[in-house]
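**Student:** prediction below, plus the sequence it came from.
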Amino acid sequence: MAEPLIAITALRHTYLPGTPMQTDALRDVDFTLHAGEVVALVGPSGAGKSTLAHHMNGLLRPAVTGRVRVLGQDTASRSCDVRALRRQVGLVFQHPHQQMLEQLVGDDIAYGPAQLGLDGAALRERVHEAMEAVGLPFERYVDRQTFALSGGEMRRVALAGVLALRPRVLVMDEATTGLDPAGKEQVLQVVHRLHAERGIGIVIISNDMDEVAGIADRVVVLFQGRTVADGPTREILGPGLDLPAHGLLRPTAGQIVDRLAGGGLPIDRSAITLAEAEEAVWQAIRP
Amino acid sequence: MASYQALRHVSIGQYIPTGSAIHRLDPRIKLVCFALLMACTVIISSYSGSLALLVLITSATLAARLPLGYLLKSLRPALPFILVLSLLQLLFYTSGSGAPGARVLFERGVITITTASVQAVVVALIRFLGLLLLTSLLTNTTTTGDLTHGIEHLLRPLTRLGLPGHELALVCTIALRFVPILGEQAEAILLAQASRTITPEPHGVRKLVDGATRGARLVVPLFVDAYRRSEELVLAMQARCYHGGRGRTQWRALRLAPRDLVALGLVILILVGTILSRTIVLP
């Protein structure tokens, strides 16, 4: 098998070492992302998800323990070209307004490709393409003020700004949190399409298990700075694993079948999506 | 990388609970002591006096079980400014060069260095250190709530004259409280920006230009965010029925304990000592 896009082993990360506010965000984390894979990183607040995300494009680098290899580069080594890394690993932040660098939407999305030396029509084309990919009509949005956008629009601009660099890996840190259902759906569809059409590796950080069930191939569970589970989505979100012990719940569909089973209905509890739950219920009640 | 956390290293305004006796002092007493010690630090101008005061303040910091090294670290960003200012003062300080006992050490053109100017620079440095530790000593051992109450109580006599004591206290508190918050915010913005910067690290003159424009790129989103936060704070306060000073009771009633009087007594002694040392000129 080819080398994974991201391979993290036994990573530990301490914030503000040597100060009264010293905290261990990551204690012992293993994580891999293979080419063409969609991996969901889940865990309760404070589990270290964002810190781990920052290790994926060299914003943070292992200090003492742990090994982080991203696209064949060891980020702890001094010779690691982090800027090249950041071009290929796009990170969409939890709070999009922190990611806006320019006043106008068009300028902000062009920020990355302009650094690659693109200009004129080529640059415009690249921005156009990125905006189309996230469902923002080019003419309507290109000259809007970034700070005046709504939450959902801002998130899509942030995503477009990252996509404009045509990354090989996309890391989305709670990129759908706080969006309305339509906005969420739109962002997820973009992810689906990127994965299907360009085959890029995608890491989705989320607490929405329904969302994870619908999109991820594999799920990694982080709890108190440790990787506590890693496996195919169906296995992790299925009835076998005690998710509440790690501060999480099964997807809504799973909870429904669990409750029906708890109430005495002989039902298959493996459902993780609504369609599967519906099917299981029909199976169980059909005479 | 550690560099992104530099802004969080601002130790002023960050409450560090260690449960020491100094933490438990009445905030009013702490504020008064703080003001008096500050006055002492500013008044004093002899080597021995300022050193003695610095030793006293340092021992108070240690008594409060605050990590000294950590406090000093927050000096680091200001260091270049301090050094440049000291150098300027050393080279161009003239007032007091005619003071009794001042000897000329070096003279060329407009530049005159005397024992008085050397003393002024050294004492200013010690003074700066003292003020930094004092401020940390106050803010790191007192919660913002206590600080507000203290300031409010102390300003109460002035409210009769129409001074909005409660509001002033609140403004001070919020300003102090926002220092680490803005630091964290700046850190988040720097991270996001670094994540989208993909050209090779600039060198030479371009590095300087880059450094300067980076400041602007940081300040604008930081301001936008600070405004947003302050609006949210106003809403949150209104939602919880905040209505200013009049008729407001307090969760923690302030009552003086013997240790407060001891602390105040000690500080007054130091003040008297300082004033005496001014009149009886020490070397």
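**Tutor:** It's in.

**Student:** can you pull out the low-pLDDT segments for chain A?
**Tutor:** Counting by pLDDT under 70, the ranges of chain A that qualify are A:1.

**Student:** around chain B, pick out the residues from it.
**Tutor:** Applying CB under 8 Å from any CB of the partner chain, we find that chain A lies next to chain B at A:15-16, A:18-21, A:54, A:57, A:59-61, A:83-84, A:86-87, A:91, A:93, A:95, A:97-101, A:111-112, A:115-116, A:147, A:161-162, A:165. Backbone N, C-alpha and C define where each C-beta goes, glycine included.

**Student:** which among those residues count as buried?
**Tutor:** Buried subset of these (neighbour count, 16 or more other CB atoms under 10 Å in any protein chain shown): A:15, A:19, A:54, A:57, A:59-61, A:83, A:86-87, A:91, A:93, A:95, A:97-101, A:111-112, A:115-116, A:161-162, A:165.

**Student:** was I right to think residue B:131 contacts residue B:41?
**Tutor:** Yes: counting by CB atoms under 8 Å, residue B:131 touches residue B:41, with 5.8 Å between them.

**Student:** and the two? Which one has more around it.
**Tutor:** Taking other CB atoms under 10 Å in any protein chain shown, residue B:131 and residue B:41 do not tie; residue B:41 has more neighbours (23 against 15).

**Student:** ok so residue B:134 is a helix residue?
**Tutor:** Yes: when DSSP: H, G, I helix; E, B strand; the rest coil is applied, residue B:134 is found to be in a helix.

**Student:** what about the residue most central in space within chain A, which SS state?
**Tutor:** The centroid of chain A falls nearest to residue A:204 when counting by CA atoms, centre = their mean (1.9 Å). Following three-state DSSP, the label given to residue A:204 is strand.

**Student:** can you pull the contacts of it?
**Tutor:** A:38, A:39, A:40, A:41, A:172, A:175, A:191, A:211, A:212, A:215, A:216 (CB atoms under 8 Å, 6 or more residues apart in numbering or on different chains).

**Student:** hey, what's it bridged with?
**Tutor:** For residue A:204, the beta-bridge partners under DSSP bridges are residue A:40, residue A:172.

**Student:** distance check, it against residue A:144.
**Tutor:** 27 Å (CB to CB, to the nearest Å).

**Student:** same question, residue B:216
**Tutor:** Taking CB to CB as the measure, residue B:216 falls 21 Å from residue A:144.

**Student:** so those two - more neighbours on which side?
**Tutor:** Per other CB under 10 Å, whichever of residue B:216 and residue A:144 has more neighbours is residue A:144, with 16 against 8.

**Student:** ranges for the helices of the chain?
**Tutor:** The chain I'm using is chain A. Ranges of helices in chain A, per DSSP state H, are A:49-55, A:82-88, A:105-115, A:120-133, A:138-141, A:151-163, A:181-193, A:209-215, A:233-237, A:252-262, A:274-285.

**Student:** the chain in question should be chain B.
**Tutor:** For chain B, the helices defined by DSSP H occupy B:21-24, B:27-43, B:47-63, B:68-73, B:79-92, B:115-141, B:144-159, B:165-196, B:204-239, B:258-279.

**Student:** which of those helices sits closest to residue A:269?
**Tutor:** Within the helices of chain B, the stretch nearest residue A:269 is helix B:165-196; the backing value is 41.0 Å (CB to CB).

**Student:** and the closest one, what does it pack onto?
**Tutor:** helix A:82-88, helix B:144-159, helix B:204-239 (3 or more CB pairs under 8 Å, 6 or more residues apart in numbering or on different chains; DSSP states H and E).

**Student:** against which helices or strands is the longest one packed?
**Tutor:** This means helix B:204-239. helix B:165-196.

**Student:** got the buried residues for the helix it packs on?
**Tutor:** Buried, per 16+ other CB under 10 Å, within helix B:165-196: B:165-166, B:168-170, B:173, B:176-178, B:180, B:182-183, B:185-196.

**Student:** do stretch B:15-27 as well
**Tutor:** If you call a residue buried by 16+ other CB under 10 Å, then stretch B:15-27 has these buried ones: B:15, B:16, B:20, B:22, B:23, B:25, B:26, B:27.

**Student:** what pLDDT does the second one get?
**Tutor:** If I follow you right, that is residue B:16. With respect to pLDDT, residue B:16 has a value of 83.

**Student:** wait, it sits on residue B:140?
**Tutor:** Yes: Residue B:16 is within contact range of residue B:140, at 4.6 Å (criterion: CB under 8 Å).

**Student:** pLDDT weak spots in the stretch 51-200 of chain B?
**Tutor:** For the stretch 51-200 of chain B, the stretches flagged by pLDDT under 70 are B:94-101, B:198-200.

**Student:** any idea how far chain A is from residue B:159?
**Tutor:** The gap separating residue B:159 from chain A is 37 Å, by CB to the nearest CB, to the nearest Å.

**Student:** and that residue, how many neighbours?
**Tutor:** By other CB under 10 Å, 16 other residues sit near residue B:159.

**Student:** and for it, nearest residue in space, chain neighbours not counted?
**Tutor:** Nearest non-adjacent residue to residue B:159, counting by CB to CB, 6 or more residues apart in numbering or on different chains: residue B:165, 4.4 Å away.

**Student:** what sits in contact with each of residue B:16 and residue B:140?
**Tutor:** Jointly contacting residue B:16 and residue B:140 under the rule CB under 8 Å, 6+ apart are residue B:66.

**Student:** identify the residues contacting the spatially closest residue to residue B:278 that is not a sequence neighbour.
**Tutor:** Nearest residue to residue B:278, sequence neighbours excluded (CB to CB, 6+ apart): residue B:43, at 6.4 Å. Contact partners of residue B:43, counting by CB under 8 Å, 6+ apart, are B:274, B:275, B:278.

**Student:** contact partners for the closest residue to the first one other than its chain neighbours?
**Tutor:** Read that as residue B:274. Nearest residue to residue B:274, sequence neighbours excluded (CB to CB, 6+ apart): residue B:40, at 4.3 Å. Applying CB under 8 Å, 6+ apart, we find residue B:40 in contact with B:53, B:270, B:271, B:274.

**Student:** and the residues you listed, which is closest to chain A?
**Tutor:** residue B:53 (25.5 Å; CB to the nearest CB).

**Student:** contacts only, for that closest one.
**Tutor:** Listed by CB under 8 Å, 6+ apart, the contact partners of residue B:53 are B:37, B:40, B:41, B:44, B:126, B:130, B:270, B:274.

**Student:** which of those sit farthest apart?
**Tutor:** The widest separation within these (CB to CB) is 15.3 Å, between B:126 and B:270.

**Student:** quick one: terminal-to-terminal distance for stretch A:142-159?
**Tutor:** End-to-end distance for stretch A:142-159, by CA to CA, to the nearest Å: 14 Å.

**Student:** buried residues in that stretch?
**Tutor:** Within stretch A:142-159, the residues scored as buried using 16+ other CB under 10 Å are A:142, A:144, A:146, A:149, A:152, A:153, A:154, A:155, A:156, A:157, A:158, A:159.

**Student:** contacts only, for the first one.
**Tutor:** Contacts for residue A:142 (CB under 8 Å, 6+ apart) come out as A:104, A:105, A:106, A:127, A:131.

**Student:** can I get the buried part of those as one PyMOL selection?
**Tutor:** Selection of buried members from these for PyMOL, criterion 16+ other CB under 10 Å:
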select buried, chain A and resi 105+106+127+131
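
**Student:** export the helices and strands packed on helix B:165-196 to a markdown table and tack on distance to residue A:181?
**Tutor:** Shown next, in a markdown table, are the helices and strands packed on helix B:165-196 (distance: least, CB to CB, whole Å):
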| stretch | distance to residue A:181 |
| --- | --- |
| helix A:82-88 | 32 |
| helix B:144-159 | 39 |
| helix B:204-239 | 25 |
